[in-house]
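A.B. asks: Fold the following, please.
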Amino acid sequence: PYFEDLDFPKMRYSLFCGEALYGDVVKEWTAIVPNAKVYNVYGPTEATIFCSQYEIPRDREIVCANGIVNIGIPLTNTDLIIVDEQLRPAKAGERGELCIGGLQVTQGYIHNESLNQSAFFECNGRRYYRSGDICFTDESGYLMYSGRLDSQIKIQGFRIELSEIEFQARAAVDPFGVAAVAVADDKGMYEIHLFVNNPDVNVSETIAILKQKLPVYMIPKQIHGIEAFPLNVNGKIDRKLLKTSLIK
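C.D. replies: Here you go, the predicted structure:
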């Protein structure tokens, strides 16, 4: 709500790195920094902070998927591949886990060999770190971010990405933020819950809008309005804590 009061004409560079970056947010930001180069950069700590980048264009549409800005192309001396559940390279356009190789990647975790075995693997003679992020490559070669592996679930036999629900929900409750989480009931069946950082959210109206945009099996079972999202030590939305709040 404060963007219209800001103006930073002398800023030269602006980098976003952390959680998924939404296209509508970065459009507002680029207007505030009219002379800056703005980048969406990606990378976990295990790859020395960031290892890919996408410069936000000012003269054409921003490349997004589900409203999320793409994470661009690898930096020099970095190799990014997408693999399937068997850790085999995925086909072009196929979703899978993004894995990182190259000079920036850590040699491993100290005194934690079990974690090293699960977090790293070799493919075509190169060592890779498993990011846990779901991505795919678009026709232009950009890496499109689709969420975390633990945000991909199956309901009624359909594979669901919670980021798609969040994309439609953000439009329904604009300008408030959202977070979708999935919890299993006592029978092991997943239920989707949507959190909105607006305690006065109109639940029935939001559900009605979502029913126009999403299939019935993707409609949240409940919508929870909260004052603010809990954050973890990295400053990101603490989805684990949101899940815990649903367990009775």
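
A.B. asks: Note down every partner strand of the helix or strand bottoming out on mean pLDDT in the chain and its orientation.
C.D. replies: Within the chain, no helix or strand scores below strand 152-155, which has a mean of 83 by mean pLDDT, DSSP states H and E. The strands beside strand 152-155 in its sheet (DSSP bridges) come out as strand 158-161 (antiparallel).

A.B. asks: what's the following helix or strand after the strand it pairs with?
C.D. replies: Remark: after strand 158-161, the chain's next helix or strand is helix 162-173, criterion DSSP states H and E.

A.B. asks: what's in contact with that following helix?
C.D. replies: 20, 22, 66-68, 146-147, 151-153, 177-182, 192, 194, 196, 198, 201, 206, 209-210, 213-214, 218, 220 (Cβ atoms under 8 Å, 6 or more residues apart in numbering). Yep, even glycine has a C-beta here, placed from its N, CA and C like the rest.

A.B. asks: Run the chain-centre distance for that helix.
C.D. replies: Centroid separation for helix 162-173 versus its chain: 12 Å, with Cα atoms, centre = their mean, to the nearest Å.

A.B. asks: same check, this time on stretch 237-246
C.D. replies: Remark: stretch 237-246 is offset 16 Å from the chain centroid, using Cα atoms, centre = their mean.

A.B. asks: Please apply the same query to stretch 64-83.
C.D. replies: Centroid displacement of stretch 64-83 relative to its chain, using Cα atoms, centre = their mean, is 12 Å.

A.B. asks: Pull that stretch out as PDB, backbone CA atoms only.
C.D. replies: Provided in PDB are the C-alpha atoms of stretch 64-83 (Å, rounded to 0.1, in the frame of the first residue of the first chain):
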ATOM      1  CA  CYS A  64       5.700 -15.700 -15.500                       C
ATOM      2  CA  ALA A  65       4.000 -19.000 -14.600                       C
ATOM      3  CA  ASN A  66       1.000 -18.800 -12.300                       C
ATOM      4  CA  GLY A  67       1.900 -15.200 -11.700                       C
ATOM      5  CA  ILE A  68       5.400 -16.100 -10.500                       C
ATOM      6  CA  VAL A  69       8.400 -14.500 -12.300                       C
ATOM      7  CA  ASN A  70      10.800 -17.000 -13.900                       C
ATOM      8  CA  ILE A  71      14.200 -17.500 -12.300                       C
ATOM      9  CA  GLY A  72      16.100 -17.000 -15.600                       C
ATOM     10  CA  ILE A  73      19.200 -18.700 -16.800                       C
ATOM     11  CA  PRO A  74      22.300 -20.100 -14.900                       C
ATOM     12  CA  LEU A  75      25.200 -18.000 -14.000                       C
ATOM     13  CA  THR A  76      28.600 -18.700 -15.600                       C
ATOM     14  CA  ASN A  77      30.200 -22.000 -14.300                       C
ATOM     15  CA  THR A  78      26.800 -23.100 -13.000                       C
ATOM     16  CA  ASP A  79      24.800 -26.100 -14.300                       C
ATOM     17  CA  LEU A  80      21.100 -26.300 -13.600                       C
ATOM     18  CA  ILE A  81      19.200 -29.500 -14.600                       C
ATOM     19  CA  ILE A  82      15.600 -30.700 -14.000                       C
ATOM     20  CA  VAL A  83      15.200 -34.300 -13.000                       C
END
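
A.B. asks: Buried residues, it. List them.
C.D. replies: 64-72, 74-75, 78-83 (16 or more other Cβ atoms under 10 Å).
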